[in-house]
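Student: Model the following, please.
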Amino acid sequence: MLRTPVRRLVRILAEERYDVILALCVAMVTLSAAGIDALTAASGIVGLALITGTLIESSALAVSRAKAWALLAGLGCATAIELAVVGPDDARVSPAIVTAIGIVAVITISRQVLSRPLPDTTSIAASACAYLLIGYSFASLYMLIDRIAADAFLSSGEALTPESAVYFSFVTLTTLGFGDLTPAASSGRTLVTLEAMSGQFYIAIAVARLVAGMATAKKDD
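Tutor: Residues are numbered from 1 along each chain as shown. Predicted structure coming up:
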């Protein structure tokens, strides 16, 4: 009974469907606003698993598909076990795994965007995916630091929940800086500064790449 849906999923993943990846990224961020930490954590993990599956099936990763799927399955099992045992608020392995997968996805997608000779809708969707994944990866990194550090990540002393981490990360990435959540330690402030710079640099580079590609296309015409 599961063969047909699985085959369809694999076929979609193999087509380099960045529109599907973008929809997953938007869903991950949207669900984080629900205020349910377990839902935020679960949506992020499932979304990143599907995104990684897309990159595996489209041969974007520089490893064999069998090894990549085996590694993804192992990381998924480890994450699921930890969330089931300790819950999303006390998880340590899960944020590390999500951060690592997010970084790999951002690098892989960015390489594919830069390797395209001319900009198209796929390039635009892929650029948006990478931007959203940057924010989600930093959110997981902030949660990891909050779990393993001796002091709390936030200056208020409260625990950093998955929902708050995603909110804080995207406020930082877009340089909105509302000020309701602030990092306490110097390590947190350094990472926040790095994320804000990454967001601005990424937009500048992505826009410059798309504009240059469009200019080249007009000259060729």
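Student: Return the distance of the most centrally placed residue in the chain relative to D90.
Tutor: Geometric centre of the chain, nearest residue: L133, 2.6 Å, by CA atoms, centre = their mean. L133 is 25 Å from D90, where distance means CB to CB, to the nearest Å. For the C-beta atoms, the positions are set from N, CA and C on the backbone; glycine is no exception.
Student: same deal with V211?
Tutor: V211 sits 46 Å away from D90, taking CB to CB as the criterion.
Student: try Y18
Tutor: The value you get for Y18 to D90, if CB to CB is used, is 35 Å.
Student: Equivalent analysis for I21, please.
Tutor: 30 Å.
Student: residues touching A49, list them.
Tutor: L72, G76 (CB atoms under 8 Å, 6 or more residues apart in numbering).
Student: Average pLDDT for stretch 137-148, rounded please.
Tutor: The average pLDDT within stretch 137-148 is 89.
Student: scratch that, stretch 164-183
Tutor: Stretch 164-183 comes out at a mean pLDDT of 89.
Student: Could you list the alpha-carbon positions for it in CSV?
Tutor: C-alpha atoms of stretch 164-183 as CSV (Å, rounded to 0.1, in the frame of the first residue of the first chain):
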residue,chain,number,x,y,z
SER,A,164,11.2,31.5,20.9
ALA,A,165,14.4,30.4,19.1
VAL,A,166,12.8,30.5,15.6
TYR,A,167,11.2,33.9,16.4
PHE,A,168,14.5,35.4,17.7
SER,A,169,16.5,34.0,14.9
PHE,A,170,14.4,35.5,12.1
VAL,A,171,14.1,38.8,13.9
THR,A,172,17.9,38.8,14.0
LEU,A,173,18.3,37.6,10.4
THR,A,174,16.1,40.3,9.1
THR,A,175,17.8,42.9,11.4
LEU,A,176,14.5,43.9,12.9
GLY,A,177,15.8,43.8,16.4
PHE,A,178,12.7,44.3,18.5
GLY,A,179,14.7,43.9,21.7
ASP,A,180,12.2,41.7,23.6
LEU,A,181,14.7,38.9,23.5
THR,A,182,18.5,39.5,23.9
PRO,A,183,21.5,37.2,24.4
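Student: buried residues in it?
Tutor: S164, A165, V166, Y167, F168, S169, F170, V171, T172, L173, L181, P183 (16 or more other CB atoms under 10 Å).
Student: which of the residues in stretch 141-160 are buried?
Tutor: L141, Y142, M143, L144, I145, D146, R147, A152, F153, L154, L160.
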